[in-house]
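S.K.: Below are the sequence and a predicted model; questions follow.
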Amino acid sequence: MATIITLSNHKGGVGKTTSTLNIGAGLHRLGKKVLLIDLDPQANLTTSAGVTDAKETIYEFLKSAKTPLPIQIVENLDIVPSSLDLSAAEIELSAETGREYILKEILTPLKQKYDYILIDSPPALGLLTINALTASDKILMPLQAHYLAMKGLSKLMEVIKKIQVRLNKDLVIGGVFITQYDNRKILHRNVAQSIETHFKDILFKTKIRDNIALAEAPVEGKDIFKYAPSSYGAEDYLALCQELLVQ
């Protein structure tokens, strides 16, 4: 039975999509069967995974309430792609009865086939993100070592509490992890210390270091392990996955 995890942060540019792809690829390297769900209309996860010609996307499956048909990236690592059409879903699904549960319903038949299902949510706290959190067992939150990024998480924490009360009592905060970290910068060290003090037990020990290979890999449609297996990015994401497995 799959553990469903949403990666969410309504602040853009924190490495959410990069983390979804590379955590998925890292778990796959550690022997797990993984499904990636691109729930962002920008479809960056889809293109980062090298998928360019999908006939059906998560938009069609949400609209029809049908179980998604994943596309294989490699054996035991699949993706349900997205497209710009998904941007219409917020309006089109708003009148549906039980609209917050649509994603949960269509993913349920797939839970038997995977160990992990990772959802890349959009950088907004709208209906798509609410669907993702309602369907999930855990939420992971990537966070830059910037003061403004810390402040932005407060609204997300409020939304999580409401979803736990009203829609998904089993949702837990799986953890916060720092991305784009540069230990040479005093600001990053100071903010990281503040994050450690604030989040304490839910902060992963692994920091994802700032690494050019992580920016280059999506251009090639590859995860970091395929693109630069000896890079800091590959080292850090594998360490993060190992932490995740012992939760």
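M.R.: Yep, that arrived. Numbers count the residues shown, from 1 in each chain.
S.K.: now the lengthiest helix in the chain: how far from the chain's centre is it?
M.R.: Longest helix in the chain by number of residues (criterion: DSSP state H): helix 147-166. Here helix 147-166 shows a centroid-to-chain-centroid distance of 16 Å under the convention C-alpha atoms, centre = their mean, to the nearest Å.
S.K.: The helix or strand residue 188 falls within packs against which elements?
M.R.: Secondary structure assignment for residue 188, by DSSP states H and E: helix 186-199. Counting contacts by 3 or more C-beta pairs under 8 Å, 6 or more residues apart in numbering; DSSP states H and E, helix 186-199 packs against helix 147-166, strand 172-179. (Glycine included, C-beta is placed from N, CA and C.)
S.K.: how big is the angle separating that helix from helix 147-166?
M.R.: 20 degrees (axes from the mean of the first three to the mean of the last three C-alpha atoms, to 10 degrees).
S.K.: Please export the alpha-carbon coordinates of the lowest-mean-pLDDT helix or strand in the chain; CSV is fine.
M.R.: Least confident element among the helices and strands of the chain, by mean pLDDT, DSSP states H and E: helix 147-166 (a mean of 85). Presented in CSV, the C-alpha positions along helix 147-166 are these (Å, rounded to 0.1, in the frame of the first residue of the first chain):
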residue,chain,number,x,y,z
TYR,A,147,13.7,34.9,6.0
LEU,A,148,10.8,35.5,3.7
ALA,A,149,10.5,31.8,2.9
MET,A,150,10.0,31.1,6.6
LYS,A,151,7.2,33.7,6.9
GLY,A,152,5.5,32.2,3.9
LEU,A,153,5.1,28.8,5.6
SER,A,154,2.7,30.2,8.3
LYS,A,155,-0.2,30.4,5.9
LEU,A,156,0.4,26.8,4.7
MET,A,157,0.5,25.6,8.2
GLU,A,158,-2.9,27.2,8.8
VAL,A,159,-4.3,25.4,5.7
ILE,A,160,-2.9,22.1,6.9
LYS,A,161,-4.6,22.4,10.3
LYS,A,162,-8.0,23.1,8.6
ILE,A,163,-7.6,20.1,6.3
GLN,A,164,-6.7,17.9,9.2
VAL,A,165,-9.9,19.0,11.0
ARG,A,166,-12.3,19.0,8.1
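S.K.: what sits up against it?
M.R.: 8-11, 14, 125, 129-130, 133-134, 139, 141, 143, 171, 173, 176, 191, 194-195, 198 (C-beta atoms under 8 Å, 6 or more residues apart in numbering).
S.K.: again, only using 10 Å
M.R.: Helix 147-166 is contacted from outside by 8-14, 100, 125, 129-130, 132-134, 136, 139, 141-144, 146, 168-173, 176, 178-180, 187, 190-191, 194-195, 198-199, using C-beta atoms under 10 Å, 6 or more residues apart in numbering.
S.K.: can I assume residue 181 is in contact with residue 144?
M.R.: Yes. Using C-beta atoms under 10 Å, residue 181 is in contact with residue 144, at 8.2 Å.
S.K.: for the chain, which residue is closest to the average position?
M.R.: residue 7 (2.9 Å; C-alpha atoms, centre = their mean).
S.K.: That residue against residue 143, yeah?
M.R.: No. Using C-beta under 10 Å, residue 7 makes no contact with residue 143, being 11.2 Å away.
S.K.: Show me where this structure dips below the pLDDT cut-off.
M.R.: Counting by pLDDT under 70, the chain shows low-confidence ranges at 152.
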